[in-house]
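**Student:** Build the 3D model from these lines:
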Amino acid sequence: MKPKAFQQAILNWFQQHGRKDLPWQQPITPYPVWISEIMLQQTQVTTVIPYFQRFMESFPSVEQLADASLDQVLHHWSGLGYYARARNLHKTAKQIVSEMHGQFPDDIDQLMKLPGIGRSTAGAIRSIAFGKPAAILDGNVKRVLARFAAVEGWPGNSAVHRQLWEIAERYSPDQYTANYTQGMMDLGATLCTRTTPDCDNCPLKTHCQAFSQGNPQSYPGKKPKKVLPVKNRIFLLLKNPEGEILLQQNPPAGLWGGLWVLPQIEELAALNGYCHKLGFKLVNKTPLEKRRHSFSHFHLDYQPMVVDVENTRSRIREGNDQVWYNPQKPLSLATPAPVTALLTMQL
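**Tutor:** A predicted model of the protein is given here:
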């Protein structure tokens, strides 16, 4: 299929079936496009929409985002996961305001120099927000192109990844780039889905090699299975006589960076010593049901433990990186999903 015919098929389909009323399309400008593209990394549109709307209400411009504290930004991100995205948003906003007078660059190389913006995200911003030629290769587009050209292998493999980029570049148009880019993403999200593709209504089906082979589900190739290691922790809900629970803030970098979490120990035998170090007297402890939270590179099995304590010589540095949290009067703190769930249980 020649590039012009491919492009026209996508544009015609988008005009009839594409999504044109998403919150970040009202109107289309660089700032909301950038926010949405970062949120949409690893996350589906239906999940992103309410987060995007709340985020834009609080930070309606790149200047207001740059002026906000990292705590505020992370609080609005709580529950979306992959928190490095939020930290990079904050860094990028500051950089755009301080170094670029609040103006987003429209050049791929300049966009890719900004924290958290890779090649595909840069292409989406350039093509959608500025209407300039650029290819994209997000998860949906990888699936469409892998099936269309019957590209074998897992897209995470560097050779397969290069091949898909070559195809994406070949078919990307010089005009109508915003509609084409959105059309490719929409096609993958609504028709060319992972498990049950609607091939009968696809504008590319007559030239799709996977469709002609009768095995679209075979593309793209699956990631090689890997047994993830398991880490075990005890999450401490240290509760004072007023019913407040101790939270502490993680360092900015690393796992759950900048988020407020429950103190953790590896073994129950360390509990008395941990309480003593903080200046607490242990009054009572109640184990809760064990839970699992999975990250991309390991499973975290954790045992929540409600621990009633009394102060003897408290060493809590409230207002710095530790705080007493009242579930009845919750503070606006960014907490990861497992901690949020445990705090909600204490209401």
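
**Student:** those helices in the stretch 51-200 of the chain, which residues are they?
**Tutor:** 62-67, 70-77, 84-100, 108-112, 119-124, 139-148, 158-171, 177-190 (DSSP state H, counting those that start in this stretch).

**Student:** residues contacting residue 84?
**Tutor:** The contact partners of residue 84, taken as Cβ atoms under 8 Å, 6 or more residues apart in numbering, are 116, 257. Bear in mind the C-beta positions are built from the backbone N, C-alpha and C, glycine included.

**Student:** quick one: the residue lying closest to residue 55 once chain neighbours are set aside from residue 69, how far?
**Tutor:** Computed as Cβ to Cβ, 6 or more residues apart in numbering, the closest residue to residue 55 that is not its neighbour in sequence is residue 76, at 5.1 Å. As judged by Cβ to Cβ, to the nearest Å, residue 76 and residue 69 stand 11 Å apart.

**Student:** Please identify which of these two sits among more neighbours.
**Tutor:** Counted by other Cβ atoms under 10 Å, residue 76 and residue 69 do not tie: residue 76 has more neighbours, with 22 against 9.

**Student:** Please tell me I have it right and the more buried one contacts residue 58.
**Tutor:** Yes. Look at residue 76 against residue 58 with Cβ atoms under 8 Å: they come within range, at 6.0 Å.

**Student:** List the buried residues for the strand ranked longest in the chain?
**Tutor:** Secondary structure of the chain per DSSP state E: the longest strand is strand 299-311. Buried residues in strand 299-311, defined by neighbour count with 16 or more other Cβ atoms under 10 Å: 300, 302-309.

**Student:** for those, which one is nearest residue 95?
**Tutor:** Closest approach to residue 95 among the buried residues of strand 299-311 (Cβ to Cβ): residue 300, at 32.7 Å.

**Student:** Now do the same contact list for residue 222.
**Tutor:** With Cβ under 8 Å, 6+ apart, residue 222 has these contacts: residue 154.

**Student:** In contact with residue 127: list those residues for me.
**Tutor:** So residue 127 contacts 133-134, 136, 172, 177-178, 180-181 (Cβ under 8 Å, 6+ apart).

**Student:** Let me know the closest of those residues to residue 112.
**Tutor:** Once Cβ to Cβ is applied, the member of these that ends up nearest residue 112 is residue 134, at 11.1 Å.

**Student:** any idea how far residue 268 is from that closest one?
**Tutor:** Counting by Cβ to Cβ, the gap from residue 134 to residue 268 is 54 Å.

**Student:** Many thanks, have a good one.
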